[in-house]
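Visitor: Pasting the sequence and the predicted model now:
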Amino acid sequence: MSIALPDYYFRVRENGALVFRVDTEDRNQRLAMNQIAVVNLKKGDIKPHGDRVLSADDLTAIRAWMEGRKALLADREVDDILRTVDHLNLTAQWAQSRASDDQLAQVTDGLLLAMHDLRSTLVRKKADRLSQNHGQDS
């Protein structure tokens, strides 16, 4: 039973990935992965590894991965924020129903400051959006 492997493997790292070409045609039927490039998502850079020259197929595959990865990270970021909303609701329920006075003393100042900062930022950003939209409607 043979499973078709992709032509490229992307080892994710903090700002991008190391790109490997997958080679399954070794005469000993071993899998080989040869590094061909380093990708930096923030800068949009694709740097060939060593003296390697990247083919048009290499660049097409890498750019497609970069676009997909950026979309995935953006989706995850929004999902993380939505989970934070859930967590804030769970925290409110905990504070109301189960937290002891000592536990509340440990977390109250930090939570209040973080929530004040978040609220101030959200209100300012919403006001900016409203003023921009109002200016466009005129």
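Guide: All right, it came through fine.
Visitor: Hmm, Arg21 is touching Ala37, no?
Guide: No: no contact is recorded between Arg21 and Ala37 when judged using Cβ atoms under 8 Å, the distance being 9.2 Å. C-beta here means a position set from N, CA and C on the backbone, and glycine is covered the same way.
Visitor: in which helix or strand would I find the residue most central in space within the chain?
Guide: Among the residues of the chain, the one closest to the centroid is Leu73, at 2.8 Å (Cα atoms, centre = their mean). In this structure, Leu73 is located in helix 56-97 according to DSSP states H and E.
Visitor: and that helix, what's its mean pLDDT?
Guide: Per-residue pLDDT values across helix 56-97 average out to 97.
Visitor: which helices and strands does that helix pack with?
Guide: The contact analysis (3 or more Cβ pairs under 8 Å, 6 or more residues apart in numbering; DSSP states H and E) places helix 56-97 against strand 8-13, strand 16-23, strand 32-40, strand 45-48, helix 101-137.
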